[in-house]
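# Provided below are the primary sequence and the corresponding predicted coordinates.
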Amino acid sequence: MTQPAPIDCDRASAGPKPAPEAIPSGLGALPVITTREVACCGGPAGEPSASFERPGYQVHHFVASFQTTPAGEVPIVQTHLNRRDRLGTLMVRLGIRRGHYRLAPGLYGVGEPGPDSPVLVTANYNLSFDALRRQLSGLDAWILVLDTRGINVWCAAGHELFSTREVVRQIERTALNQVVRHRRIILPQLSATGVSARSVKQVTGFEVVWGPVRAGDLQAFIAAGLIAETSARRVTFDLVDRFVLVPVEINLKVRSLAGSLLVIFILSGIGPSIFSLNAAWSRGLMGAAALLAGFLAGGVLTPVLLPWLPGRAFSLKGAVIGGLTSLIVVYIVRNQARPLELFSLILMTTTVSSFMAMNFTGATPFTSPSGVEKEMRRAIPAQIAALVIAIIVWLSSGFIA
């Protein structure tokens, strides 16, 4: 594509201007900026500002319009996801600016909602909001967004952020009783641990109806008179569900891995000559291979193979796959490493894998908070002990000729 010729500011400001388009009726003599006009010292002018933009406030790209209600104007959002939405999802999956991917709590709408339209409640984490709105195509509904500090529904319910108090607060704050005639709100089933339906009813008069686990079942749920099929009530955690969480978990530990790799290279150079750069490189590569193998075994292979690994504890599952992975490392370096070094590499890979796998417990519905705490109390001391032994053996082997 050819680039436009550079613009001389003086000539542009002094020269003739393109004729403006016809002024729409009702705008009187107000000037109209068209997309054909060229801004001084810049490229072609962009799209005109939307009529509902306000100074000091950002209008999200997914807001299509505003609808006037007895409680004020409510933004109507698009139900399809565009490239910006998908890019945001990718960045969050990679752990980039994850804490900033949220929207303002309050009342939103899709389609042309009215006083009898259903009210769906969700978190102000953008992925939760996007997962909901993309399933509401062709539906007229209200979306009540709670302030969960940018945390998803299930985790926010566990942290008392998707809570009875917050549901009540947003119902009152948005004057929902003025927007809809009915007194019923639909909450996601995964928020049930944080919300008391009876308390919400007593304080606000709104009945809580528990929706299906997944947003994809909402259309059928509403069409069936707010009755969910048995399959829509069941929590699943299949391969795709587990795999999409891997990049986030990996990203959260990348800095720790980088620091560990630096430490292992330094420790590998310690020996009879105080410090050897050759040893730091040759032995450090073996140690780095063990750490990376454990990192990938616990952070990638364990989530993927989760149902088929033995035991209930994630630390045990990670140790099993880490132990098997360590055999691959040992086989690769068997001709360069001493027996003590091989033993240390096995311990390193197994321990790192066990820790990484245990970290994944926060991303799965297979565990409970009390179960996680119990496992950590047992596993962390064992992991620390194994890692200390591995480091001592690794240092000691550097002094053996």
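That came in fine, so what should we check first?
# and the one helix or strand Ala156 maps to, C-alpha only, in PDB?
Following DSSP states H and E, one finds Ala156 within helix 153-158. Provided in PDB are the C-alpha atoms of helix 153-158 (Å, rounded to 0.1, in the frame of the first residue of the first chain):
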ATOM      1  CA  VAL A 153     -16.900 -15.900  39.200                       C
ATOM      2  CA  TRP A 154     -15.700 -19.100  40.800                       C
ATOM      3  CA  CYS A 155     -12.500 -17.700  42.400                       C
ATOM      4  CA  ALA A 156     -14.300 -14.500  43.400                       C
ATOM      5  CA  ALA A 157     -17.000 -16.600  45.200                       C
ATOM      6  CA  GLY A 158     -14.300 -18.500  47.100                       C
END
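# pLDDT of it, averaged?
For helix 153-158, the mean per-residue pLDDT is 85.
# now the helix or strand just after it: average pLDDT?
Going down the chain from helix 153-158, the next helix or strand is helix 164-173, by DSSP H and E. Averaging pLDDT along helix 164-173 yields 96.
# what comes up buried for helix 164-173?
For helix 164-173, a neighbour-count test (16 or more other C-beta atoms under 10 Å) marks 164, 166-168, 170-171 as buried. C-beta: built from backbone N, CA, C; applies to glycine.
# contacting residues around that helix?
With C-beta atoms under 8 Å, 6 or more residues apart in numbering as the test, helix 164-173 has contacts from 105-107, 121, 144-148, 176-177, 185, 187, 194-196, 199-200, 203-204, 206, 208.
# try stretch 73-80
Contacts for stretch 73-80 (C-beta under 8 Å, 6+ apart): 52, 59-60, 62-68, 107-113, 133-138, 142-143, 179.
# again with stretch 393-401
Here stretch 393-401 has contacts from 264, 267-272, 279, 283, 287, 338, 340-341, 343-344, 347-348, using C-beta under 8 Å, 6+ apart.
# in the protein, which ranges drop under the pLDDT threshold?
Along the chain, the model assigns pLDDT under 70 to residues 1-52, 95, 97-100, 362-369, 401.
# which parts of it are strands?
63-69, 72-77, 106-110, 119-123, 141-146, 184-187, 207-210, 270-271, 274-275 (DSSP state E).
# could you identify which of these is most buried?
Per-stretch averages of neighbours, counted by mean count of other C-beta atoms under 10 Å, single out strand 119-123 among the strands of the chain, with a mean of 26.
# buried subset of the contacts of stretch 393-401?
Counted by 16+ other C-beta under 10 Å, the contacts of stretch 393-401 give 264, 267-271, 279, 283, 287, 341, 343-344, 347-348 as buried.
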